[in-house]
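*Asks:* Using only what follows, build the 3D model:
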Amino acid sequence: MVHFKYGIDFFSLLAESENNSTLRTIEWKDNKVIMIDQTKLPNQLVFVRYDDYNQVADAIRNLVVRGAPAIGVSGAFGLALAALQSNAETKEDLISDLKKAKQILFETRPTAVNLSWGLEQIMKVAESGNSVDELKDLVVNASKDMADKDIEINKTMGKFGAELFENNDTIMTHCNAGALATVAYGTALGVIRATKESGKNVKVIATETRPVQQGSRLTAFELKHDGFDVSLIPDTAVGYSMMNGLVNKVVVGADRIVRTGHVFNKIGTYQVATMANQHRIPFYVAAPLSTFDMETDANDVIIEMRKGTEVTGVGETKTAPDGVNVINPAFDMTPPELISGIITEKGVAKPPFDESIKKLFEANL
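*Replies:* This next block holds a predicted model:
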């Protein structure tokens, strides 16, 4: 693994690279995976370069890369590395090596469905290969194509979502569903970007999103560098902001959406949705179809539990007594009755979601 830094910020570089597409949150280059180490933001822009799928697995597990679409592509790139690492001489042995790598990658983040989706897509491609060399080429090219399509999907989703927002809206968002949560552009923040690009003036309120503070470290960072009027609030000020008329609408991303419209997203989303419902503020979710899980029941989704040290301290500073018990779920579930609409690349699903989501997938066939 190699670390390398730049002296200027990521979004300045991103703006410069839009025409030549040379810089992304995650990319494949010279048979290696290059990521921005998001644990270092906003203080440092550090790139990491991986040539081993186990390193990619560690990066996903330790939040070097995070956000459902981004870790889906990361999983695909991990399998591409596994294919190149393999010394197998037969297709069967190579498939066996890929299955081992798939399991290691899958176990890193069990709640976000994009990871399992990305892994499954690459395994299907691998099965179609007739030889070891052909299989390796297919896997690498399919993973690169998945990354390119992620950007196209987010921009299409943004255009659908922009129609739901008005000029001079103040939009609240939770966690980070921006460029850093995807290959580029973003889901929820992609909708906000597209709204601004359509000529509407919008302001944004970002929650800090404890305990890892993706809202303050990443979302506020992205939006400020993109020229948005963004205000940061503590998670505990959501109700205050809504009660005092500071928010018109809410849009968040998702890590998994089941066929009934139950949404699994960063812990605290349920509270934001509940407060929005209390104050009759529209609450929207933006996610690609790859985030939908049409097989699993809501009650069967595994909620990832994170380490207690994320809660008992900030960086090197302890904020809780030694030995205290910690409950630190990474995600919660927002029920469909609190959701005004789910924005996808195929349109906006509205209640009743079991019907509208099914129609989206039928249209995608």
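*Asks:* Quick check: Phe361 is in a strand.
*Replies:* No - counting by DSSP: H, G, I helix; E, B strand; the rest coil, one finds Phe361 to be helix, located in no strand.
*Asks:* what kind of secondary structure is the residue of the chain most remote from its centre in?
*Replies:* Each residue of the chain has a distance to the centre, and by C-alpha atoms, centre = their mean the biggest one is for Glu89: 36.1 Å. State at Glu89, reduced to three classes by three-state DSSP: coil.
*Asks:* and Glu355, how far is that from Arg259?
*Replies:* Remark: distance between Glu355 and Arg259 (C-beta to C-beta, to the nearest Å) = 10 Å. For every residue, glycine as well, the C-beta is placed using N, CA and C.
*Asks:* between these two, which one's more packed in?
*Replies:* In terms of neighbours (other C-beta atoms under 10 Å), Arg259 is the more surrounded of Glu355 and Arg259; the figures are 17 against 11.
*Asks:* what ranges do the strands span in the stretch 101-250 of the chain?
*Replies:* Here the stretch 101-250 of the chain has its strands, by DSSP state E, counting those that start in this stretch, at 169-173, 202-207, 229-233, 249-252.
*Asks:* Those into TSV, with extra columns for mean neighbour count, distance to Glu120 and mean pLDDT?
*Replies:* Output for those, formatted as TSV (neighbours: other C-beta atoms under 10 Å; distance: least, C-beta to C-beta, whole Å; pLDDT from 0 to 100):
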stretch	mean neighbour count	distance to Glu120	mean pLDDT
strand 169-173	23	29	98
strand 202-207	24	32	98
strand 229-233	17	36	98
strand 249-252	25	25	98
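*Asks:* Of these, give the one that comes closest to Phe77.
*Replies:* strand 249-252 (25.9 Å; C-beta to C-beta).
*Asks:* about what we covered before: ok, the residue farthest from the centre of the chain touching Val132?
*Replies:* Yes - contact criterion C-beta atoms under 8 Å: Glu89 and Val132 qualify, at 6.6 Å.
*Asks:* Which secondary structure element is home to Tyr284?
*Replies:* Using DSSP states H and E, Tyr284 maps to strand 283-286.
*Asks:* that older thread, now render the strands of the stretch 101-250 of the chain as a markdown table, adding distance to Pro329.
*Replies:* Supplementary listing: the strands of the stretch 101-250 of the chain in a markdown table, determined by distance: least, C-beta to C-beta, whole Å:
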| stretch | distance to Pro329 |
| --- | --- |
| strand 169-173 | 20 |
| strand 202-207 | 16 |
| strand 229-233 | 22 |
| strand 249-252 | 16 |
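*Asks:* what about Val311, neighbour count?
*Replies:* If we define neighbours as other C-beta under 10 Å, then Val311 has 17 of them.
*Asks:* Repeat that for Ala142.
*Replies:* Ala142 has 19 neighbours, counted by other C-beta under 10 Å.
*Asks:* In contact with it, which residues?
*Replies:* By C-beta atoms under 8 Å, 6 or more residues apart in numbering, Ala142 lies in contact with 76, 121-122, 125.
*Asks:* Go through those residues and name the one nearest Gly186.
*Replies:* For the contacts of Ala142, the nearest to Gly186 is Ala76 (18.9 Å; C-beta to C-beta).
*Asks:* so the closest one sits right up against Asp145, yeah?
*Replies:* No - using C-beta under 8 Å, Ala76 makes no contact with Asp145, being 9.3 Å away.
*Asks:* more crowded one of the two?
*Replies:* Using other C-beta under 10 Å, the more surrounded residue of Ala76 and Asp145 is Ala76, with 32 against 13.
*Asks:* Helix or strand: which one has the more buried one?
*Replies:* If you go by DSSP H and E, Ala76 is part of helix 68-85.
*Asks:* Please identify the buried residues of that helix?
*Replies:* Residues 68-83 are the ones in helix 68-85 that count as buried (16 or more other C-beta atoms under 10 Å).
*Asks:* do the same with stretch 59-70
*Replies:* Neighbour count says stretch 59-70 has 59-60, 63-70 buried, by 16+ other C-beta under 10 Å.
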